[in-house]
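K.L.:
Generate coordinates for the sequence data below:
(one chain, ligands or ions: 1)
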Amino acid sequence: MGGRNEPPRLAGGSFAAWSRDRLACARRGAEECGDVWQLEPGVYVAAAAGPCEAVLRRAQDFPKASAPLFPPLKRPEGAPTPEQRSYAHAARMRGLRAQAVADRVGEIAPRTARFAGHLPTLQDVEILPLVRHALADIGVSYLFSEDAPALLPYASQLFLAREALVRPSRWMWPRWVPTPARRFRTRQQIAFTDALRPVVRRRRSSGRLGDDMLGQMLRPSPHYGLLPEEAVLDTLPGITVATFETPSRAAGWILLHLARHPRAADRVAAEAASLPADPAATTSAHLGGLPYTQAVVSEVLRLYPPSWLLTRRAARQTQLADYTIDAGSTVLVCPYTAHRDAREYDEPDRFRPERWLGDPDSPAGPGVFLAFGTGPHGCEGAALAMTMLTLLTAQTARRCHLSEPPGPEPGYQVSTLEGLATVGLRLRATVRD
Ligand code: HEM
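P.N.:
Purely as a prediction, here's the structure:
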């Protein structure tokens, strides 16, 4: 092979085996082939921390596929320039940074408390739709404050449009074919944008730009002045869905773990007793008083990272670990296997939140954590996600015990298609004494 060093190929590995059970196949690949392995010719998996971080950080060599779920809408006056889009991106990031989220904990906490307070008790309920509704309310309010109630129904439709787009189909249609799912997506995107446009105009004409994320995007910057309206509007459908889609998947796993680990749930409930009786009085200092709850959230994200597989394409022939990767190859980055590597975490398959608290049994501390990715495309919403999930976990455990329906079969299916999720998860809540 003339000096080329190919990653080992998984015996019996094929797209058929992969499609049958992706998680099992990913684990077998890491165990049998090592840190980088080959699923099919031209499709590689980065399975361990080192190569995963290298691929995500070397964004020039391994760019992210440029196929956004909500591509800019076609307009007679043309789309915003790439420069305007990158400014819009920077403005959006300002609205999501940790300090901006910390300043708004008092708005988030009443909504997570409402979720906990309204959980139906003494019956098995399908939990993900309830969680998604609560987190969409939080996410859309975070972005648009008092304009959120009018925009929330459109956000739910955007979510449905996204679900339809990623549903498995027998055919891989070329990107330009207007399939029914793509037409539905465009209709919902237009409806959302049309609902948002008057909000943008009203805020700009009144001068009351708002202290939310939209307000951040409407403020002029010393670098680029005012962003054009279309540049603001184009960036918002994707981020609106992002505020609740992946967090809902994470919340499903977290609530399942509270049900399966009652002692951990009791400890979360005890910690949550320090939260103020009026949730609106919650501050980032109260959040700092919930270290164990945050450890539970991190530990669940480690074991079940909702974004368990990230896709990149090699822009040119390059080296990864000791291997040659050809231009055009697909590289799948797998936080799921990287998080379950004994070189990174002691007893990697065990749920042990204590490892995040300076656990004396694992003096090395936790290893690499890729649930939010890393590098130039790392998650923009990590601070918001951790805040929402920590409060939701604390307030739910404070009010209720959770349990799984009795019986030998799990009350959910593990979906790996577009993120790792507990589809159909049913849980029962009982109010604590
Ligand atoms: C538990 C919840 C969440 C998890 C596990 C998560 C995970 C991730 C991961 C792994 C990536 C990197 C994707 C890649 O490299 O291909 C990412 C990117 C991103 N996330 Fe999150 N995310 C969460 C919540 C959020 C929230 C609440 C928001 C919005 C407020 C958000 C907005 C984004 C955006 C915009 C990107 C794309 C960044 C880019 O391409 O430059 N995420 N997220």
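
K.L.:
Gly34: how many residues sit nearby?
P.N.:
14 (other CB atoms under 10 Å). C-beta here means a position set from N, CA and C on the backbone, and glycine is covered the same way.

K.L.:
I figured it hits Ala46, correct?
P.N.:
No: at 10.8 Å, Gly34 does not count as touching Ala46 under the criterion of CB atoms under 8 Å.

K.L.:
where exactly do the strands run in the stretch 151-300 of the chain?
P.N.:
Applying DSSP state E, counting those that start in this stretch to the stretch 151-300 of the chain gives no strands.

K.L.:
Kindly report the residues of it close to the ligand.
P.N.:
Counting by CB under 6 Å from any ligand atom, the positions of the stretch 151-300 of the chain adjacent to the ligand are Ile239, Ala242, Thr243, Thr246, Pro247, Ala250.

K.L.:
Between the residues you listed, which sits nearest Ala16?
P.N.:
Thr246 (28.1 Å; CB to CB).

K.L.:
For that closest one, which non-adjacent residue is spatially closest?
P.N.:
Pro306 (4.9 Å; CB to CB, 6 or more residues apart in numbering).

K.L.:
ok, so what distance separates that neighbour from the ligand?
P.N.:
According to CB to the nearest ligand atom, to the nearest Å, Pro306 and the ligand sit 5 Å apart.

K.L.:
pretty sure that residue contacts Leu420?
P.N.:
Yes: here Pro306 reaches Leu420: they are 5.3 Å apart, a contact under CB under 8 Å.

K.L.:
Now for the two: what residues contact both?
P.N.:
Common contact partners of Pro306 and Leu420 (CB atoms under 8 Å, 6 or more residues apart in numbering): Arg249, Trp253.

K.L.:
Now list the buried members of the residues of the stretch 151-300 of the chain next to the ligand.
P.N.:
Buried members of those, counted by 16 or more other CB atoms under 10 Å: Ile239, Ala242, Thr243, Thr246, Pro247, Ala250.

K.L.:
can you pull the contacts of the second one?
P.N.:
Which is Ala242. Residues counted as contacts of Ala242 (CB under 8 Å, 6+ apart) are Gly139, Glu380, Gly381.

K.L.:
Would you double-check that Lys74 falls in a strand?
P.N.:
No: under DSSP: H, G, I helix; E, B strand; the rest coil, Lys74 falls outside any strand and is assigned coil.

K.L.:
picking up where we left off before, save the residues of the stretch 151-300 of the chain next to the ligand as CSV, and put in pLDDT and distance to Arg197 too.
P.N.:
Converted to CSV, these look like this (pLDDT from 0 to 100; distance: CB to CB, whole Å):
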residue, pLDDT, distance to Arg197
Ile239, 94, 16
Ala242, 95, 21
Thr243, 97, 20
Thr246, 97, 27
Pro247, 98, 27
Ala250, 98, 32
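
K.L.:
Tell me the one among those nearest to Asp124.
P.N.:
Ala250 (21.4 Å).

K.L.:
Now for Leu402, how many residues are close by?
P.N.:
For Leu402, using other CB under 10 Å, the count is 20.

K.L.:
what's the closest non-adjacent residue to it?
P.N.:
Spatial nearest neighbour of Leu402, chain neighbours left out: Ala259 (4.0 Å); criterion: CB to CB, 6+ apart.

K.L.:
Contacts only, for the one you found.
P.N.:
Ala265, Leu402, Ser403, Glu404, Leu427.

K.L.:
any idea how far the residue nearest to the fourth one when sequence neighbours are not counted lies from Ala164?
P.N.:
Excluding the flanking residues, the one nearest Glu404 by CB to CB, 6+ apart is Ala259, at 5.2 Å. Taking CB to CB, to the nearest Å as the measure, Ala259 falls 31 Å from Ala164.

K.L.:
before we move on, what about Arg27?
P.N.:
30 Å.

K.L.:
Check the burial of the residue in the chain that the ligand sits nearest to by counting its neighbours.
P.N.:
Going by CB to the nearest ligand atom, the ligand is nearest to Gly381 of the chain, at 2.1 Å. Gly381 has 22 neighbouring residues, counting by other CB under 10 Å.

K.L.:
Residue numbering should commence at 887 henceforth.
P.N.:
All set: I'll call the first residue 887, so the last point we hit is now Gly1267.

K.L.:
Am I right that it is in contact with Gly981?
P.N.:
No: taking contacts as CB under 8 Å, Gly1267 lies outside contact range of Gly981: 10.3 Å.

K.L.:
that older thread, can you tell me which of the residues of the stretch 1037-1186 of the chain next to the ligand is closest to Arg1000?
P.N.:
Set against Arg1000, the nearest of these by CB to CB is Pro1133 (15.9 Å).

K.L.:
Could you pull up the contacting residues of that closest one?
P.N.:
Taking CB under 8 Å, 6+ apart as the test, what Pro1133 contacts is Leu1021, Gly1025, Gly1267, Ala1271, Met1274, Leu1275.

K.L.:
could I get the residues you listed as JSON lines with pLDDT, secondary structure and distance to Ser1031?
P.N.:
As requested, the contacts of Pro1133 are exported to JSON lines (pLDDT from 0 to 100; DSSP: H, G, I helix; E, B strand; the rest coil; distance: CB to CB, whole Å):
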{"residue": "Leu1021", "pLDDT": "98", "secondary structure": "helix", "distance to Ser1031": "17"}
{"residue": "Gly1025", "pLDDT": "97", "secondary structure": "helix", "distance to Ser1031": "12"}
{"residue": "Gly1267", "pLDDT": "97", "secondary structure": "coil", "distance to Ser1031": "17"}
{"residue": "Ala1271", "pLDDT": "98", "secondary structure": "helix", "distance to Ser1031": "19"}
{"residue": "Met1274", "pLDDT": "98", "secondary structure": "helix", "distance to Ser1031": "16"}
{"residue": "Leu1275", "pLDDT": "98", "secondary structure": "helix", "distance to Ser1031": "21"}
